[in-house]
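Peer 1: what follows is a predicted structure for the sequence shown.
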Protein chains: 2
Amino acid sequence: MDMETATLPKIADIEAAAARLRGRAVPTPLLESPLLNDRLDGRLLIKPECLQRTGSFKYRGAFNRLAALDDAVRRHGVVAYSSGNHAQGVAAAARDWGVAATIVMPADAPAIKRRNTEAWGARVEPYDRNHEDREAIAVRIAAETGASLVKPYDDPFIIAGQGTVGLEIAQQAAALGVRPDAVLVPCGGGGLVAGTALALADRLPGCLVHAVEPAGFDDTARSLAAGTRLGNAPGATSLCDALLAPSPGYLTFALNRTHLAGACTVDDRDVLAAMAAAFEAFKLVIEPGGAIALAAVLTDHLPLAGRTVVAVLSGGNVDPGVFARCLAAG
Amino acid sequence: MDMETATLPKIADIEAAAARLRGRAVPTPLLESPLLNDRLDGRLLIKPECLQRTGSFKYRGAFNRLAALDDAVRRHGVVAYSSGNHAQGVAAAARDWGVAATIVMPADAPAIKRRNTEAWGARVEPYDRNHEDREAIAVRIAAETGASLVKPYDDPFIIAGQGTVGLEIAQQAAALGVRPDAVLVPCGGGGLVAGTALALADRLPGCLVHAVEPAGFDDTARSLAAGTRLGNAPGATSLCDALLAPSPGYLTFALNRTHLAGACTVDDRDVLAAMAAAFEAFKLVIEPGGAIALAAVLTDHLPLAGRTVVAVLSGGNVDPGVFARCLAAG
């Protein structure tokens, strides 16, 4: 899809995605901890996408993207580049549709992400994160095999699929008799927050949607401030392997500059503390990138006192060694 | 309540408990892992009660018990003895009803269980597990204060509350279009498995319900074989602190000998492996006792091949140090 002609998704596209995902994606519950609420003097609801098929929200967008391909195109298979969560989402969606998937994945991706991508039936093509261009490798494979490239975020069907998280938040909050003041969403390339914000602009107008990024990867925050897309400086590192996109997407930024109330940044130490808090308060395994919105609440970047806030916990694909670090730090 | 006159709960009591718990207990979802299903060549659904209010199923029975007390009685408060999960359930239910709770708890209970029991507002009275009689201490407190004793399992309202787990399994399996062949339930005093089996005998007749016990604490298995209640030999130890009841209850055994298809035993090493499997496949934090039914499936004590089985994961209140052991062993 050419960027200049790409169309921004609309609420109807998210509704269509929700219909396609019915009976396939897990409608993850909204959960809360009264003890944590006491401590924070507000009401925190979490949306645990670690319980989603493939352990992250990425299955939603990937399945929706494959579902929208023409059958004659889809049967040639799909190719994607991903550090691991999009990889598993695409691999699982390809299995659902009975087509081949090739995933271009950094050689240093978490072992659990590579192992599971292969377990879902995909072929993994490793590359060197520092010296090779993953997009170029994926485009070459697409040209050679006729496979369709499934982008990680800058695609209207991917954004619409991720936006079903926002639809569910609105429905589930209404069922609980709650009206959230704000929703906090982890942000790498910005697909999840863009889709969620689009859904909530329709379903919960006035609810503030914030992106949360890792320190050193605050491209969306700086782009929102500048009014134009800016990239991250090279050389930064973060535990949040799921959130290391080089810059906001074209489509995701167009949506986010319209819909977001703001963006904030959290460092690795606070991410580890949030993982430990999710262990204790929610009995959930959250990966670093998946815990960043919770970290923003716990560190008072976005104060909870007197408010009702939803934090999206976007994934749980974390190696045991990294998880042990959060337990030891707690 | 005197044992000789105690009445066994009936399905209508579980339905009444479900009505009382609506909007209070979390209707925990049935989850599955397609990758784990592939590996086991069957279909495994889990019922993650670690996501329940207070981090275990115990809130269900405790709330139902307090709800059924006369208001004039309830206002004098409640007292309970518990290694920690029933403690938190009673403490939370007492908070819901605005009454005082005292919990007699072993001095060596997991720190997270004591801390959370106090956070829910209860007073903890520690005792020495090896040299003091917790029931006698609780009865003395009840006599001194007028508080009602809330037993951990041998009470028809407690069993009926826990039985709502079985009602939900039947409803949720039907919504998924699945008919379980068997349901595996962790067993200490036997309240959860007794209530669940009672519900399933009504809602899913023919579905086999099995109790799963820790090695060295197989009192229910031996009692079922002997046709009479037998206690555990002293001196055994287990990581499964939630399942160390001395013998089956009077009411729970009466139900279990009627309804259970069998009971099996799992050792600590296999429990740790099941905790690690729940970490990887389900992104859930499960305490040792809570993982024992999953362990029975993974060790082929109850083979899954070609079948659909539900494992109840009964709680997630585990200290970080113990959880780190399962990660290191994996």
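Peer 2: In hand now; what should we look at?
Peer 1: backbone dihedrals for residue A:81, please?
Peer 2: phi -120, psi 140 (degrees, to the nearest 10).
Peer 1: same thing with residue A:157?
Peer 2: phi -80, psi -30.
Peer 1: count of residues packed around it?
Peer 2: Around residue A:157 there are 24 other residues, counting by other Cβ atoms under 10 Å in any protein chain shown. (C-beta placed from N, C-alpha, C; glycine too.)
Peer 1: residue contacts, the residue nearest to residue A:197 when sequence neighbours are not counted?
Peer 2: Leaving aside its chain neighbours, residue A:197 sits nearest to residue A:259 (3.7 Å; criterion: Cβ to Cβ, 6 or more residues apart in numbering or on different chains). Shown in contact with residue A:259 (Cβ atoms under 8 Å, 6 or more residues apart in numbering or on different chains): A:194, A:197-198, A:200-201, A:209.
Peer 1: among those residues, which lie within helices?
Peer 2: Among these, the members found in helices (DSSP state H) are A:194, A:197-198, A:200-201.
Peer 1: from those residues, which is closest to residue B:38?
Peer 2: residue A:194 (33.4 Å; Cβ to Cβ).
Peer 1: unless I'm mixing things up, the closest one is touching residue A:252, no?
Peer 2: Yes: with contact defined as Cβ atoms under 8 Å, residue A:194 and residue A:252 form a contacting pair (4.3 Å).
Peer 1: give me the common contacts of the two.
Peer 2: Joint contacts of residue A:194 and residue A:252 (Cβ under 8 Å, 6+ apart) are A:153, A:159.
Peer 1: if you count what's nearby, which of these two comes out ahead?
Peer 2: Just comparing residue A:194 and residue A:252: by other Cβ under 10 Å the higher neighbour count belongs to residue A:194, 37 against 30.
Peer 1: how near is that one to residue A:200?
Peer 2: 11 Å (Cβ to Cβ, to the nearest Å).
Peer 1: now the strands for chain A?
Peer 2: For chain A, strands defined by DSSP state E occupy the ranges A:43-48, A:78-81, A:101-106, A:123-127, A:148-149, A:182-186, A:208-214, A:262-266, A:308-313.
Peer 1: for residue B:141, find the nearest of those.
Peer 2: strand A:43-48 (34.2 Å).
Peer 1: list the residues that contact the residue of the stretch 51-200 of chain A found nearest chain B.
Peer 2: With Cβ to the nearest Cβ as the measure, residue A:119 is the residue of the stretch 51-200 of chain A nearest to chain B, at 4.9 Å. Applying Cβ under 8 Å, 6+ apart, we find residue A:119 in contact with B:35, B:38.
Peer 1: ok, 10 Å please
Peer 2: By Cβ atoms under 10 Å, 6 or more residues apart in numbering or on different chains, the contact list for residue A:119 reads A:88, A:91-92, A:95, B:34-36, B:38-39.
Peer 1: show me which of these are buried.
Peer 2: Listed as buried from the contacts of residue A:119 are A:88, A:91-92, A:95, B:34-36; burial here means 16 or more other Cβ atoms under 10 Å in any protein chain shown.
Peer 1: among these, which two are most distant?
Peer 2: A:91 and B:36 (15.7 Å).
Peer 1: give me the nearest residue to residue A:67, chain neighbours excluded.
Peer 2: In space, and not counting its chain neighbours, residue A:67 is closest to residue A:20: 4.7 Å by Cβ to Cβ, 6+ apart.
Peer 1: what's around the residue of the stretch 1-150 of chain A found nearest chain B, how many residues?
Peer 2: Going by Cβ to the nearest Cβ, chain B is nearest to residue A:50 of the stretch 1-150 of chain A, at 3.9 Å. Applying other Cβ under 10 Å, we find 27 residues neighbouring residue A:50.
Peer 1: contacting residues for it?
Peer 2: Each residue near residue A:50 by Cβ under 10 Å, 6+ apart is listed here: A:28, A:56-57, A:278, A:282, A:284-287, A:290-291, A:313-318, B:282-284.
Peer 1: residues from the stretch 101-250 of chain A in reach of chain B?
Peer 2: Residues of the stretch 101-250 of chain A lying near chain B by Cβ under 10 Å from any Cβ of the partner chain: A:112, A:115-116, A:119-121, A:176-177.
Peer 1: so where do the helices sit in the stretch 201-330 of chain A?
Peer 2: With helices called from DSSP state H, counting those that start in this stretch, the stretch 201-330 of chain A shows them at A:219-226, A:250-259, A:268-282, A:292-298, A:320-329.
Peer 1: ok, which of those helices comes nearest residue B:157?
Peer 2: Nearest to residue B:157, of all the helices of the stretch 201-330 of chain A, is helix A:268-282, at 28.0 Å by Cβ to Cβ.
Peer 1: residues of that closest one that come out buried?
Peer 2: In helix A:268-282, counting by 16+ other Cβ under 10 Å, buried: A:268, A:270-282.
Peer 1: can you pull the contacts of the spatially most central residue of chain A?
Peer 2: Computing the C-alpha centroid of chain A and ranking residues by Cα atoms, centre = their mean puts residue A:192 first, at 4.7 Å. Contacts for residue A:192 (Cβ under 10 Å, 6+ apart) come out as A:49, A:56-58, A:60-61, A:153, A:158-159, A:161-163, A:165-166, A:185-186, A:211, A:252, A:312, A:314-315.
Peer 1: now it. Nearest residue, chain neighbours left out?
Peer 2: Nearest one to residue A:192, counting by Cβ to Cβ, 6+ apart, is residue A:162 at 4.5 Å.
Peer 1: burial count for the one you found?
Peer 2: Quick note: residue A:162 (other Cβ under 10 Å) scores 35 neighbours.
Peer 1: surely it is in contact with residue A:194?
Peer 2: Yes: between residue A:162 and residue A:194 a contact is recorded at 7.6 Å, counting by Cβ atoms under 10 Å.
Peer 1: now do the shared contacts for these two.
Peer 2: A:9, A:153, A:185, A:252.
Peer 1: quick check: the gap between the third one and residue A:289.
Peer 2: When you say that, I think you mean residue A:185. 11 Å.
Peer 1: just the pLDDT for residue A:4.
Peer 2: Residue A:4 carries a pLDDT value of 45.
Peer 1: next one: residue A:300
Peer 2: 81.
Peer 1: dump the residue contacts of the residue nearest to residue A:192.
Peer 2: Neighbour list for residue A:162: A:9, A:14, A:17, A:49, A:57-62, A:64, A:89, A:153, A:185, A:190-196, A:198-199, A:252, A:312, A:314 [criterion: Cβ under 10 Å, 6+ apart].
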